[in-house]
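K.L.:
I would like the atomic coordinates for the input below:
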Amino acid sequence: MEESEVDGESFFLSPDGKKDPLAELQATLLAFLIPVGTDPDSHAICRFPARFALLKKELANDPFWKTLPAPGCKNFENYRTRMQNRKVSVVFTSYHPGSAASVFGHSFLKFSGSNENELFDTGINFSANPTTGNPALYALYGLIGVFPSTFSALPFYYKVREYNDSESRDLWLYELNLTPHQIDRLILHLWELGNTHFQYYYFNENCSYQILRALEGALPEFRFFTNRPIYLIPSESIKALYDVPGLVRDVRYRPSLLKTALTGYRSLNSNQQQEFKQQSQQKTYQSTDPAVLDLLIDAIDLKKDPALSSEKERILQKRAQTEGTGASRKVIPPVEERPDLGHRSGRMRLGSEWTRTGSSVRWNHLIQARAAHHDLLDPTEGYPRHLHIDFGRIGLRVQPEVNRILLDELTLVELTALAPHHPLNPGWSYSVNVGFKRSWTPACSNGLDCPRFALGGGIGKAASFLEKQTLYTLFQFEPAYSSAFFGSKWKLELGPVAGLIWEWVPGFKSRIEARTRYDFTVSAPWQHSLKLENRIVFRNRFGFDFQLQRDLGNSQTRDSVGLNGLFYF
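P.N.:
Down below sits the predicted model:
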């Protein structure tokens, strides 16, 4: 029998309630009969109003209900009054490469009512309560369910301050088409869930999963899952809302501080932009232009450096003495970034590869599956243009000439976050990769491909031009181990990589990338490669990519040509 996903013992009135729903039902009915004590809010009727309402509806004619006490439930009634007569939205917060816990985004509920300012609405959040600040332990504990996690209710302005302002993440609000009765059932259910905890699992029992499960629990007419998913990321949970016809009533957008500041910068003329750059660098802040002063304030806010508070105070004083309105900051919702419009995060790749190493020529067939999420050549719609996140990628190599199937790669995570330089956002680009792969190097003892375990990364700069094109360069390092290496089985490779990504039309991209690496463990340490990739995807469902690559090292040359079909699921 499947057991409850709730892990807090206080949620169950029977010792066997987590695994035995009949025992929990019997214990619940008995608990309803207990006389009210000195703390009415601790009575079962107050703690479990959703159970009470459901059972009263199903057993409406039973005389049992006439014998029950009336505890009053002050705390619950205050909560219910605050939440009633509201609209309900699922909020998606955009991807945050700076945080391992939020690299795939985040989702929570928002209850909005008659407030003129939505900042006073109520957000219902589900999140882990970390017990360590150690990054390695944080990742491990999130994978194996060590952290307890809870539902909490906070004013919406707390979430805006956290996501929009502090982390510069956009918010997409998906208003649900719910009746007042459905909203009331959801309120009752969330009250019960707010008094217990769950174990947090980063890839499935996470924020997005529990938000959808809360909707299912309160609204049994909705079903998002037939079985517990192996993994669920926030953007896929937003797509799941559209699996219920008519559930999404409206979609709204709330831009981040960075998006608002970039809009203000683009509205300046060239002289104003030059003045902003000069005053940012020289820190003179003597402008008399209100639009420039407003942008200087935004620039300091984006740096999030408390040491700059005195500089911000100087600009605010100058702005108070300057008449006039600033630049336009009205951000047009970037519809192409809506997460519900993006391709499915799972992807299957099937193809063939021709390779020539010296006089040796081989054909290989490749089968690759990716659990999540998006790479830089996938269609941009619904995803950040400059973010690459591949998780759980596995590939097989079929060698028909020798009737052999090999594990080609097992990538745990591959992350590239490009941050195109801008006066308002002069950040660094970086990359991280962890996993197993087969790749050619002159150090391979078989002269072909070496299976290698690698942990690598890099840091550098990027630039965007013509709106959709991106140049980047990173200095990368990669320690690697392979039993097939000549001499030392450990390698340390360092070197630069530079590339250009060109989007011809939506769904059709090209990338050319050059790489040079220095290997400290061999006598001929330099290795160079040049790679050209082209990918075209139709309707975010299927597509093709074509690859050409040349590798040079230790007076050897390797050429490869690949053609693959792609299927998103």
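
K.L.:
Could you list the domains of the protein?
P.N.:
The record's domain parsing of the chain by automatic domain parsing lists 9-72, 80-254, 268-320, 343-568.

K.L.:
so which of the ones you listed gets nearest Gly326?
P.N.:
domain 268-320 (3.7 Å; C-beta to C-beta). C-beta: built from backbone N, CA, C; applies to glycine.

K.L.:
So which residue of this protein lies furthest out from the middle?
P.N.:
Relative to the centre of the chain, the most outlying C-alpha is that of Pro63, 51.2 Å out, by C-alpha atoms, centre = their mean.

K.L.:
quick one on the thing from earlier: Glu336: which of the domains of the chain is closest?
P.N.:
Nearest to Glu336 among the domains of the chain is domain 343-568 (5.2 Å), distances taken as C-beta to C-beta.

K.L.:
End to end on the closest one, go ahead and measure it.
P.N.:
Terminal residues of domain 343-568 are spaced 7 Å apart (C-alpha to C-alpha, to the nearest Å).

K.L.:
next one: it to chain centre, how far?
P.N.:
22 Å (C-alpha atoms, centre = their mean, to the nearest Å).

K.L.:
Which strand or helix spans the residue lying closest to Leu532 once chain neighbours are set aside?
P.N.:
Excluding the flanking residues, the one nearest Leu532 by C-beta to C-beta, 6 or more residues apart in numbering is Leu548, at 4.6 Å. Assessed by DSSP states H and E, Leu548 sits inside strand 542-553.

K.L.:
Next: Leu566.
P.N.:
Per DSSP H and E: Leu566 is located in strand 556-568.

K.L.:
Who are the packing partners of that strand?
P.N.:
In terms of contacts (3 or more C-beta pairs under 8 Å, 6 or more residues apart in numbering; DSSP states H and E), strand 556-568 is packed against strand 347-357, strand 526-538, strand 542-553.

K.L.:
Out of these, which is closest to Phe436?
P.N.:
strand 347-357 (17.2 Å).

K.L.:
Using CSV, write down the CA coordinates of that closest one.
P.N.:
Coordinates of each C-alpha in strand 347-357 appear next as CSV, following Å, rounded to 0.1, in the frame of the first residue of the first chain:
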residue,chain,number,x,y,z
ARG,A,347,15.4,15.0,-25.1
MET,A,348,16.4,11.9,-27.1
ARG,A,349,19.2,12.0,-29.7
LEU,A,350,19.7,9.3,-32.3
GLY,A,351,22.4,9.6,-35.0
SER,A,352,25.6,8.4,-36.6
GLU,A,353,29.2,9.7,-36.6
TRP,A,354,32.0,9.2,-39.0
THR,A,355,35.5,9.5,-37.7
ARG,A,356,39.0,9.4,-39.2
THR,A,357,42.1,9.2,-37.0
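
K.L.:
in its sheet, what does the very next helix or strand once past it sit against?
P.N.:
For strand 347-357, the following helix or strand on the C-terminal side (DSSP H and E) is strand 360-374. Strand 360-374 sits in its sheet next to strand 347-357 (antiparallel), strand 387-399 (antiparallel), going by DSSP bridges.

K.L.:
Dump these into JSON lines; add distance to Tyr209 as well.
P.N.:
Formatted as JSON lines, these follow (distance: least, C-beta to C-beta, whole Å):
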{"stretch": "strand 347-357", "distance to Tyr209": "21"}
{"stretch": "strand 387-399", "distance to Tyr209": "16"}
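
K.L.:
which parts of stretch 430-440 are buried?
P.N.:
Buried residues in stretch 430-440, counted by 16 or more other C-beta atoms under 10 Å: 430-431, 433, 435-440.

K.L.:
Give me the pLDDT for the residue farthest from the centre of the chain.
P.N.:
With respect to pLDDT, Pro63 scores 85.

K.L.:
Next: Lys239.
P.N.:
Looking at Lys239, its pLDDT is 96.

K.L.:
Assign the nearest residue to it once chain neighbours are set aside to helix, strand or coil.
P.N.:
Nearest non-adjacent residue to Lys239, counting by C-beta to C-beta, 6+ apart: Asp340, 5.5 Å away. Here Asp340 is recorded as helix under DSSP: H, G, I helix; E, B strand; the rest coil.

K.L.:
Enumerate every residue touching the nearest residue to Phe569 once chain neighbours are set aside.
P.N.:
In space, and not counting its chain neighbours, Phe569 is closest to Gly346: 4.5 Å by C-beta to C-beta, 6+ apart. Applying C-beta atoms under 8 Å, 6 or more residues apart in numbering to Gly346 gives the contacts 369-372, 568-569.

K.L.:
Of those - the most surrounded one?
P.N.:
The most crowded member of these, judged by other C-beta atoms under 10 Å, is Arg370 (24 neighbours).

K.L.:
I figured that one hits Gly395, correct?
P.N.:
No: the pair Arg370 and Gly395 fails to qualify as a contact (C-beta atoms under 8 Å) at a distance of 9.1 Å.

K.L.:
any shared contact partners between the two?
P.N.:
Arg349.

K.L.:
any idea how far Ser529 is from Ala443?
P.N.:
Distance of Ala443 to Ser529, computed by C-beta to C-beta, to the nearest Å: 14 Å.

K.L.:
Closest to Leu186 out of the contacts of Gly346?
P.N.:
Among the contacts of Gly346, Ala372 lies closest to Leu186 (C-beta to C-beta), at 28.4 Å.

K.L.:
gap between the closest one and Ser270?
P.N.:
Taking C-beta to C-beta, one finds Ala372 at 42 Å from Ser270.

K.L.:
secondary structure element for the residue nearest the centre of the chain?
P.N.:
The geometric centre of the chain, computed from its C-alpha atoms, lies nearest to Phe104 (C-alpha atoms, centre = their mean), at 1.2 Å. For Phe104, there is no host helix or strand (DSSP H and E).

K.L.:
Done for today, thanks.
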